[in-house]
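**Student:** predicted model and sequence below, questions to follow.
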Amino acid sequence: MAETDILVVGAGAAGIAAARAVRAAGRACQVLEARGRIGGRAWTERATLAAPFDLGATWLHQAGDNPLAPLAEAAGARPFDHDAVRSHACFVAGRPATPAEMAAYDAAYAAFHPALRAARGRLGPAASAGEAAPRGGPWDATVAHWEGPVICAAPLVAMDLGDFLDTQLDPPNLLLPEGVGTLLEGLAAGLPIACGAVVERIAWGGRRVVAEGGFGRIAARAAIVTVPTAVLAAGALRFDPALPPAVEQAAHDLPLGLLSKIGLRASGADRLGLAPFAGLERQVAREDEAAMTFIAWPFGQDHLMGFLGGEAAWALSAEGPAALAAHARAELRRAYGARADRALLPADEEGAWLASDWGRDPFARGAYSHARPGRASARGVLGAPLAGGRLCFAGEACHPRLAATLAGAWESGAAAARAALGHLLTETA
Ligand SMILES: Cc1cc2nc3c(=O)[nH]c(=O)nc-3n(C[C@H](O)[C@H](O)[C@H](O)COP(=O)(O)OP(=O)(O)OC[C@H]3O[C@@H](n4cnc5c(N)ncnc54)[C@H](O)[C@@H]3O)c2cc1C
């Protein structure tokens with residue numbers, strides 16, 4: 001049986017950060033990755049749209065605290081501050097919103113977070129963000145749609161209020177011209193990563209942790225497991241002995257919402273009156289409407305980037321990516337009528353569109369985590385090392401502040417590596 005010091009399960013942001021930290025400490029490691037590629041939920045596809053397109057993570061959020069921002073800079077990835085050029089086109093019932101409507105929208109947005117912060121003290125510890133959200137104003141559902149399904153990939157009512165507030169992200173939000181998946185590929189260069197290695201069972205009761213799967217068996221002195229919480233909750237990885245009930249419960253208390261992404265390619269010169277990087281959205285009557293948001297022509301490229309989140313994304317996901325493509329075009333038709341169809345390549349033409357499929361992907365089973373109401377402490381429970389660091393969980397869901405992000409995953413992976421390396425020292429002593 002092959003042996004190493006520290007085994008890392010998963011080569012997404014957390015796994016790559018963990019493996020780099022283990023190697024930097026002079027220890028041996030082996031990364032086992034189920035898919036035929038690395039990067040996990042950060043994946044840049046380059047062929048279909050003839051431009052880099054991130055099917056998963058898009059921005060480096062909160063760049064001032066984001067460990068990946070300086071790494072991107074150092075790698076020559078030319079981070080671009082999206083906030084510096086943001087503009088919004090918002091449609092109301094098929095026509096552009098008036099200045100007065102936009103002012104009312106901005107006012108509703110400005111009132112949203114203060115209302116939630118005020119409610120935190122008033123409502124009990126098991127309150128959902130949905131209970132605290134303002135209701136009844138003409139723009140409240142639109143703000144809730146943005147903050148819930150679009151940004152957090154789940155309805156506000158599904159999310160713990162405290163966790164929602166504690167994991168809010170500040171600007172700057174950076175875009176990378178070559179994609180964040182490309183950045184992670186570069187950061188993983190030279191690491192011992194075995195792709196196509198699906199870990200099915202982890203025995204962690206003895207002095208050695210043993211991972212098993214179609215690849216055989218590998219033993220290590222400690223293991224760091226970075227698979228998404230939905231993969232853990234589905235029981236796709238068996239642990240022997242079984243995980244402590246609180247840890248198992250934590251995976252269930254941190255479900256993944258769904259955010260689906262699509263790139264739609266222009267047919268010619270018509271840019272729909274949208275400047276590069278402009279946002280396009282519409283007013284909704286209900287938070288859970290299947291409304292999409294779009295970002296136009298990033299870096300002047302000839303595609304729109306569309307997003308659909310929450311329950312509507314799950315419903316379409318069951319039908320496959322072509323259903324998302326049809327829905328996205330229908331959404332654009334609401335604003336632009338037949339001009340939208342003329343401005344885009346016909347859907348059946350090769351290279352016309354590219355869509356994510358995270359909901360049906362067995363190694364993701366969703367986009368990113370939120371905490372169920374009353375379950376914010378699950379992030380700490382899942383992130384706490386077991387058996388003195390012999391078994392550690394890491395990944396975006398484990399980070400109490402930067403959950404759901406690449407930055408959270410990266411920091412969590414590095415922290416798990418410290419715990420696992422600490423275990424090696426105590427074991428030697
Ligand atoms: C559509 C979308 C948009 C997003 N937008 C942003 C954004 O703009 N900014 C941002 O910061 N974040 C964003 N995120 C979230 C970000 O992508 C994740 O938080 C981050 O990539 C998670 O990294 P991770 O290492 O925790 O998990 P993952 O990247 O999921 O890595 C886990 C790895 O484990 C592997 N694995 C699973 N099961 C097994 C098994 N049995 N055996 C071996 N390996 C296994 C998986 O294949 C995967 O590679 C977005 C995500 C999605 C889906």
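**Tutor:** Nice, thanks for sending it over.
**Student:** contacts for stretch 290-305?
**Tutor:** Residues from elsewhere that reach stretch 290-305, judged by CB atoms under 8 Å, 6 or more residues apart in numbering: 49, 51, 53, 58, 80, 145-146, 150, 175, 177, 261-266, 271-272, 274-282, 284, 306-308, 312, 315-316, 327-328, 331-332, 344. C-beta here means a position set from N, CA and C on the backbone, and glycine is covered the same way.
**Student:** out of the residues you listed, list just those in helices.
**Tutor:** 145, 312, 315-316, 327-328, 331-332 (DSSP state H).
**Student:** can you redo those residues as JSON lines with neighbour count, pLDDT and distance to the ligand?
**Tutor:** Shown next, in JSON lines, are these (neighbours: other CB atoms under 10 Å; pLDDT from 0 to 100; distance: CB to the nearest ligand atom, whole Å):
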{"residue": "His145", "neighbour count": "28", "pLDDT": "98", "distance to the ligand": "17"}
{"residue": "Ala312", "neighbour count": "20", "pLDDT": "97", "distance to the ligand": "14"}
{"residue": "Ala315", "neighbour count": "16", "pLDDT": "97", "distance to the ligand": "16"}
{"residue": "Leu316", "neighbour count": "23", "pLDDT": "97", "distance to the ligand": "13"}
{"residue": "His327", "neighbour count": "22", "pLDDT": "98", "distance to the ligand": "16"}
{"residue": "Ala328", "neighbour count": "27", "pLDDT": "98", "distance to the ligand": "14"}
{"residue": "Glu331", "neighbour count": "22", "pLDDT": "98", "distance to the ligand": "17"}
{"residue": "Leu332", "neighbour count": "22", "pLDDT": "98", "distance to the ligand": "19"}
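**Student:** the protein: helices as residue ranges?
**Tutor:** 13-24, 68-74, 99-122, 129-132, 140-145, 161-166, 180-187, 229-233, 245-253, 311-317, 321-336, 338-343, 378-383, 406-428.
**Student:** next, the angle from the first one to helix 406-428.
**Tutor:** Spelled out, it's helix 13-24. Angle, helix 13-24 to helix 406-428, by axes from the mean of the first three to the mean of the last three CA atoms, to 10 degrees: 40 degrees.
**Student:** output the longest strand belonging to the chain.
**Tutor:** In terms of residue count, the longest strand belonging to the chain (DSSP state E) is strand 216-225.
**Student:** now do the buried residues in that strand.
**Tutor:** Neighbour counts over strand 216-225 (16 or more other CB atoms under 10 Å) mark 218-225 as buried.
**Student:** same deal with stretch 231-250?
**Tutor:** 231-233, 236-237, 239, 243, 247-250.
**Student:** now check it, is it near the ligand?
**Tutor:** Yes. Using CB under 6 Å from any ligand atom, stretch 231-250 reaches the ligand at 231, 236-237.
**Student:** any idea how far Gly15 is from Ala133?
**Tutor:** Gly15 sits 35 Å away from Ala133, going by CB to CB, to the nearest Å.
**Student:** neighbour-wise, which of these two wins?
**Tutor:** Shown here are Gly15 and Ala133; by other CB atoms under 10 Å, Gly15 has more neighbours (33 against 22).
**Student:** excluding sequence neighbours, find me the nearest residue to that one.
**Tutor:** Thr226 (4.4 Å; CB to CB, 6 or more residues apart in numbering).
**Student:** over to Asp81?
**Tutor:** For Asp81, the spatially nearest residue (CB to CB, 6+ apart) is Pro172, at 5.0 Å.
**Student:** and that neighbour, how far is that from Ala21?
**Tutor:** 26 Å.
**Student:** who has more neighbours, those two?
**Tutor:** Using other CB under 10 Å as the criterion, Pro172 and Ala21 rank with Ala21 on top: 22 against 18.
**Student:** OK, contacts around the closest residue to the more buried one other than its chain neighbours?
**Tutor:** Closest residue in space to Ala21, ignoring its immediate chain neighbours: Ala417 at 3.6 Å, by CB to CB, 6+ apart. By CB under 8 Å, 6+ apart, the residues touching Ala417 are 6, 17-19, 21-22, 25, 224.
**Student:** surely Val31 meets Val22?
**Tutor:** No. Under the criterion of CB atoms under 8 Å, Val31 makes no contact with Val22, lying 9.4 Å away.
**Student:** related to what we said a few turns ago, each with direction, which strands does the longest strand of the chain pair with?
**Tutor:** strand 2-9 (parallel), strand 209-213 (antiparallel), strand 391-393 (parallel) (DSSP bridges).
**Student:** give me the mean pLDDT for that strand.
**Tutor:** The average of the pLDDT scores along strand 216-225 is 98.
**Student:** ok, and what's touching that strand?
**Tutor:** Residues contacting strand 216-225 (CB under 8 Å, 6+ apart): 1-10, 14-15, 18, 30, 32, 202, 204, 207-211, 232, 237, 389-394, 413, 416-417, 420-421, 423-424, 427.
**Student:** whichever of the residues you listed end up buried, select them in PyMOL.
**Tutor:** Of the contacts of strand 216-225, the buried ones can be selected in PyMOL as follows, counting by 16+ other CB under 10 Å:
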select buried, resi 4+5+6+7+8+9+10+14+15+18+30+32+202+204+208+209+210+211+232+237+389+390+391+392+393+394+413+416+417+420+421+423+424
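**Student:** now the closest residue to Pro125 other than its chain neighbours, what are its backbone angles?
**Tutor:** Leaving aside its sequence neighbours, Pro125 sits nearest to Gly374 (CB to CB, 6+ apart; 6.3 Å). Dihedral pair for Gly374: phi 80, psi 0, per degrees, to the nearest 10.
**Student:** wait, Gly374 touches Gly162, no?
**Tutor:** No. With contact defined as CB under 8 Å, Gly374 does not count as touching Gly162 (9.2 Å).
**Student:** between these two, which is the more surrounded one?
**Tutor:** Between Gly374 and Gly162, Gly162 has the larger neighbour count (other CB under 10 Å), namely 20 against 17.
**Student:** show me the contacts for that one.
**Tutor:** So Gly162 contacts 120, 125, 127, 376 (CB under 8 Å, 6+ apart).
**Student:** hmm, 7 Å instead?
**Tutor:** Residues near Gly162 by CB atoms under 7 Å, 6 or more residues apart in numbering: 120, 376.
**Student:** which residue sits closest to Leu324, ignoring its sequence neighbours?
**Tutor:** Counting by CB to CB, 6+ apart, Ala355 is the residue found nearest to Leu324 once chain neighbours are left out, at 4.8 Å.
**Student:** what count of nearby residues applies to the one you found?
**Tutor:** For Ala355, using other CB under 10 Å, the count is 24.
**Student:** residues in a beta bridge with Ser369, which ones?
**Tutor:** When assigned by DSSP bridges, Ser369 has beta-bridge partners Leu256.
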